[in-house]
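Undergrad: A predicted structure for the sequence below; I have some questions about it.
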Amino acid sequence: MGDSIRIMAGAAFAGFACLAAPAAFAQGDMADVEIVTHQLADGLYYLEGQGGNIAVSVGDDGVLIVDDQFAPLSEKIMAAIGALSDHPVRFVVNTHHHGDHTGGNANFAAAGATILAHDNVRQRVAGNFGDDPVPANALPILTFSEDITFHFNGEEIRVHHVAPAHTDGDSFVYFVNADVIHTGDVFRTTSYPAADANGGGSLFGIIDAYGVLQDMMGVDTRLLPGHGVLSRPDDLAAQLAMIQDIRANVDAAKAEGKSLEETLAMGITDEYDERWSSGRWNAEYLITTLYEGAP
Ligand SMILES: [Zn+2]
């Protein structure tokens, strides 16, 4: 499996490159990445490696995972899952199309898993490979338009489409009994909210999606973000309050007739930047998007 995994790595990066700065992985060298397993509940875990957090449901029905990081990590991810269950991975749910969440699709499908995602994810995963041929099995073979529910391992696993948000194919995956929601990249704790406009995303859609998430959640719900640390409702509320505060100040500046340049110079996000401004998802991106009102 090693050779085929490496060949696919480069293509997966091509799609991912627009969203983050994977300079450290430009060689496709993930030899040092370790997969760390965390337990969320009986039969429910998440794996950290490089790329999006992976949720893992294990039990008598088999294994279901949410997202699968990069192709070069598939063997390590499969080994980590193998330590939790003797059963095969039957289903992979993709929260969205980005290569750090779908790069392992072809490997998991080759090992027998069925890949499932929103309709738009199928087209956009194909786009991840640019002009290169799309590897066999890389695309979700089951797609849905709004919602789908698994009844699996004694869990009710609701996959709920919310878009446009981070992209136009996002889903939340709610493990109802465990009371854990994998949010994909709609909610993350590593930067300001990240809307991939090229992938059909919208910052304003993310703000709306936070409201959807709040309606789904109870006081004890835990959020597994696409990137970052396990979070609570208060963490989401704080992030939403931050965005609303910044948005109100940008709107006020605009109403006073300030130009975008003048608004950017006002220091509106100064108190938040150290914690939240990161890479492409920085203060300039945030203020510019709010000022321009799209996407
Ligand atoms: Zn993403």
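TA: Yep, that arrived.
Undergrad: quick one: the strands in the stretch 101-250 of the chain?
TA: Along the stretch 101-250 of the chain, counting by DSSP state E, counting those that start in this stretch, strands occupy 114-118, 142-144, 147-152, 155-161, 171-175, 180-182, 222-224.
Undergrad: okay if I get these as JSON lines plus mean pLDDT?
TA: Formatted as JSON lines, these follow (pLDDT from 0 to 100):
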{"stretch": "strand 114-118", "mean pLDDT": "98"}
{"stretch": "strand 142-144", "mean pLDDT": "98"}
{"stretch": "strand 147-152", "mean pLDDT": "98"}
{"stretch": "strand 155-161", "mean pLDDT": "98"}
{"stretch": "strand 171-175", "mean pLDDT": "98"}
{"stretch": "strand 180-182", "mean pLDDT": "98"}
{"stretch": "strand 222-224", "mean pLDDT": "98"}
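Undergrad: Return the set of buried residues in the longest helix along the chain.
TA: In the chain, assigned by DSSP state H, the helix with the most residues is helix 233-255. Residues 233, 235-236, 239-240, 242-243, 246-247, 249-250, 253-254 are the ones in helix 233-255 that count as buried (16 or more other C-beta atoms under 10 Å). Placement of C-beta: from N, CA and C, glycine included.
Undergrad: any idea which of the residues you listed is closest to the ion?
TA: Gln239 (16.5 Å; C-beta to the ion).
Undergrad: Now do the contacts for the closest one.
TA: Neighbouring residues of Gln239 by C-beta atoms under 8 Å, 6 or more residues apart in numbering: Phe187, Thr189, Pro193, Tyr210.
Undergrad: Up against the ion, what does the stretch 151-295 of the chain have?
TA: Selection of the stretch 151-295 of the chain residues close to the ion by C-beta under 5 Å from the ion yields Asp185.
Undergrad: tally of neighbours for the residue in the stretch 151-295 of the chain that the ion sits nearest to?
TA: For the stretch 151-295 of the chain and the ion, the shortest gap (C-beta to the ion) falls at Asp185, measuring 3.6 Å. By other C-beta atoms under 10 Å, the residues close to Asp185 number 31.
Undergrad: Spatially, what comes nearest to it if we skip its sequence neighbours?
TA: Gly226 (3.6 Å; C-beta to C-beta, 6 or more residues apart in numbering).
Undergrad: Ile181 is in contact with that neighbour, correct?
TA: No: taking C-beta atoms under 8 Å as the definition, Gly226 is not a contact partner of Ile181, at 11.4 Å.
Undergrad: now the end-to-end length of stretch 99-106.
TA: The first and last residues of stretch 99-106 sit 12 Å apart, counting by C-alpha to C-alpha, to the nearest Å.
Undergrad: In the stretch 51-200 of the chain, what residue spans correspond to helices?
TA: Per DSSP state H, counting those that start in this stretch, the stretch 51-200 of the chain carries helices over the ranges 74-82, 99-102, 105-110, 119-127.
Undergrad: Which positions in the stretch 1-150 of the chain make contact with the ion?
TA: Counting by C-beta under 5 Å from the ion, the stretch 1-150 of the chain comes close to the ion at His98.
Undergrad: Go again with 8 Å.
TA: Leu19, Gly52, Thr95, His96, His97, His98, Asp100, His101 (C-beta under 8 Å from the ion).
Undergrad: Now pLDDT, distance to Met78 and neighbour count too, for those, in a markdown table please.
TA: A markdown table is the format used below for those (pLDDT from 0 to 100; distance: C-beta to C-beta, whole Å; neighbours: other C-beta atoms under 10 Å):
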| residue | pLDDT | distance to Met78 | neighbour count |
| --- | --- | --- | --- |
| Leu19 | 44 | 25 | 21 |
| Gly52 | 98 | 16 | 30 |
| Thr95 | 98 | 19 | 29 |
| His96 | 98 | 22 | 30 |
| His97 | 98 | 22 | 29 |
| His98 | 98 | 21 | 30 |
| Asp100 | 97 | 17 | 26 |
| His101 | 98 | 17 | 28 |
